[in-house]
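Q: this one's structure only:
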């Protein structure tokens with residue numbers, strides 16, 4: 001007998017005979033004569049009710065059922081006489097697969113997000129986190145759908161790298177050296193010559209540099225995968241391991257880059273609204289009552305676009321008492337980004353042409369030699385969700401920028417080669433996948449949209 005998913009049964013247009021579902025018990029109301037079981041299999045936010053009476057051959061086993069127990073139920077899908085549900089299953093056979101003890105941590109009561117982070121291996125069984133991770137799955141699919149439809153090629157960039165794309169030095173080192181022998185004399189002489197790669201290796205902070213190489217061969221490409229930052233930050237928006245979407249486009253300038261960034265965000269939000277209405281409804285009712293209004297404010301108007309200098313002038317004249325005061329050539333903090341999107345413009349904002357002094361070496365230097373063709377996409381409730389730029393395609397300017405930032409050109413010989421052999425204008429950006437999930441669900445903490453969050457002093461599970 002083939003198993004049916006609950007999401008499929010709830011959409012049925014007619015009664016069905018002799019079907020089977022497998023899942024976990026949410027509630028069980030048992031008596032000597034009749035028992036009502038709410039079962040969920042993760043395919044849907046909604047449960048399905050299964051009903052049996054004491055004529056069931058193993059009815060005594062039914063009385064053992066507890067919240068969290070796993071079962072296989074066979075029976076007929078019939079119209080439910082009860083309110084709030086169209087269908088229910090009349091049980092003809094029930095098998096207990098695994099009983100959960102009374103100590104099962106997810107009893108039928110409200111649990112705080114803080115508590116659920118301590119049992120991240122079980123929290124997907126709750127309504128909220130089941131919904132989050134179904135949306136996460138659909139959002140991943142939407143990314144591939146969008147870029148495939150636009151003719152982009154999906155590439156896999158390395159997780160282990162010798163490059164520091166951002167130049168910030170917040171890197172996780174990868175080594176095969178035994179820590180117990182670090183103090184040996186030979187190690188002190190030349191530590192990395194003993195290591196697996198013969199030089200320092202790190203977990204990647206971005207797949208951008210490698211994606212550029214493929215954009216300069218295949219045209220338009222994207223990479224989508226995990227990235228890592230050894231940043232000792234315990235904010236609601238930062239994690240040590242997170243996912244990034246990074247498209248790179250050849251023959252593309254900053255305007256084309258901004259156009260794609262806006263189109264990407266609008267497509268992905270629309271996709272989730274269309275495909276996950278029930279899960280999204282949970283967040284609009286119980287997490288953020290203004291969620292749909294916020295999402296609509298992103299979808300309807302064109303994003304506001306303004307140069308960095310104008311954004312600085314707006315912030316300076318705002319009269320707001322920011323924790324981080326506005327200074328010439330300062331990088332924006334979250335409070336600045338949210339002021340622009342939530343109070344001043346009340347919509348998403350793309351800030352572009354940032355000072356050269358606060359941006360990485362690979363961004364194209366504008367005429368005047370003081371700013372670069374960089375952009376940040378800012379959205380309400382989150383702040384920056386995308387950072388990108390037109391890349392510096394001129395080899396002489398690129399090498400000068402690397403010298404200014406004290407980057408050893410011999411380590412980036414392959415990157416410089418791409419400007420030597422048939423260079424072209426090209427652009428790209430990085431979208432923080434978890435930040436987009438926070439935006440779409442109204443979640444306020446990045447730890448709640450990652451299955452097993454990695455943050456300072458936290459690597460359980």
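A: Looks like it came in fine. Small disclaimer: the values here were computed from a predicted structure and weren't measured.
Q: ok, which stretches of the stretch 351-461 of the chain are helices?
A: 395-404, 413-420, 433-441 (DSSP state H, counting those that start in this stretch).
Q: go on, the chain?
A: 6-10, 59-62, 113-117, 127-149, 185-189, 208-218, 254-275, 277-286, 291-299, 308-316, 334-338, 395-404, 413-420, 433-441 (DSSP state H).
Q: closest one to residue 350 among the ones you listed?
A: Comparing the helices of the chain by their distance to residue 350 (C-beta to C-beta), the top pick is helix 254-275, with 5.3 Å. C-beta coordinates here come from the backbone N, C-alpha and C atoms, glycine included.
Q: what's the angle between the longest strand anywhere in the chain and helix 127-149?
A: Identified as the longest strand of the chain according to DSSP state E is strand 16-30. For strand 16-30 against helix 127-149, the angle by axes from the mean of the first three to the mean of the last three C-alpha atoms, to 10 degrees is 140 degrees.
Q: mind checking how far residue 424 is from residue 310?
A: 30 Å (C-beta to C-beta, to the nearest Å).
Q: Under the pLDDT cut-off, which ranges of the protein? List them.
A: Applying pLDDT under 70 to the chain picks out residues 165-169, 181-189.
Q: picking that back up, is it possible to get CSV of the helices of the chain that adds mean neighbour count and distance to residue 73?
A: Shown next, in CSV, are the helices of the chain (neighbours: other C-beta atoms under 10 Å; distance: least, C-beta to C-beta, whole Å):
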stretch, mean neighbour count, distance to residue 73
helix 6-10, 18, 10
helix 59-62, 16, 10
helix 113-117, 14, 27
helix 127-149, 18, 19
helix 185-189, 10, 61
helix 208-218, 21, 48
helix 254-275, 19, 28
helix 277-286, 16, 22
helix 291-299, 17, 35
helix 308-316, 17, 58
helix 334-338, 19, 48
helix 395-404, 16, 64
helix 413-420, 14, 58
helix 433-441, 24, 31
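Q: Run through the strands of the stretch 301-450 of the chain in chain order.
A: Counting by DSSP state E, counting those that start in this stretch, the stretch 301-450 of the chain has strands at residues 304-307, 349-355, 371-379, 383-390, 426-432.
Q: Out of these, the one nearest residue 192 is which?
A: Among the strands of the stretch 301-450 of the chain, strand 426-432 sits nearest to residue 192 (C-beta to C-beta), with 28.4 Å.
Q: hmm, who's touching the closest one?
A: 206, 208, 211-212, 215-216, 242-254, 256-257, 260-261, 264-265, 373, 375, 377, 384-391, 393 (C-beta atoms under 8 Å, 6 or more residues apart in numbering).
Q: and that strand, how far from the chain's centre?
A: Here the centre of strand 426-432 is set off from its chain's centre by 15 Å, with C-alpha atoms, centre = their mean, to the nearest Å.
Q: Provide the strand pairings for it, with the direction of each partner.
A: strand 241-250 (antiparallel), strand 383-390 (antiparallel) (DSSP bridges).
Q: I'd like the ones you listed laid out as CSV, including distance to residue 318.
A: CSV is the format used below for the strands paired with strand 426-432 (distance: least, C-beta to C-beta, whole Å):
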stretch, distance to residue 318
strand 241-250, 30
strand 383-390, 16
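Q: So which of the ones you listed is nearest residue 128?
A: Using C-beta to C-beta, the strands paired with strand 426-432 put strand 241-250 closest to residue 128, at 20.2 Å.
Q: between the closest one and helix 254-275, how many degrees?
A: 130 degrees.
Q: just how off-centre is strand 241-250 within its chain?
A: For strand 241-250, the distance to the chain centre is 12 Å (C-alpha atoms, centre = their mean).
Q: same question, stretch 275-293
A: Using C-alpha atoms, centre = their mean, the distance from the centre of stretch 275-293 to the centre of the chain it belongs to is 17 Å.
Q: Please apply the same query to stretch 338-351.
A: With C-alpha atoms, centre = their mean, you get 22 Å for stretch 338-351.
Q: buried residues in that stretch?
A: Neighbour counts over stretch 338-351 (16 or more other C-beta atoms under 10 Å) mark 338, 339, 340, 341, 342, 345, 347, 348, 349, 350, 351 as buried.
Q: Contact partners for the last one?
A: Read that as residue 351. Taking C-beta under 8 Å, 6+ apart, one finds 306, 307, 308, 311, 332, 340, 375, 376, 378 in contact with residue 351.
Q: swap the cut-off to 6 Å and go again
A: Residue 351 sits next to 308, 311, 376 when contact means C-beta atoms under 6 Å, 6 or more residues apart in numbering.
Q: Quick check, residue 439 in contact with residue 380.
A: No. In this structure, residue 439 is not within contact of residue 380 by C-beta atoms under 6 Å, at 8.0 Å.
Q: Identify the contacts common to those two.
A: Joint contacts of residue 439 and residue 380 (C-beta under 6 Å, 6+ apart) do not exist.
Q: between the helices of the chain, which one is nearest to residue 461?
A: Nearest of the helices of the chain to residue 461, taken as C-beta to C-beta: helix 113-117 at 10.1 Å.
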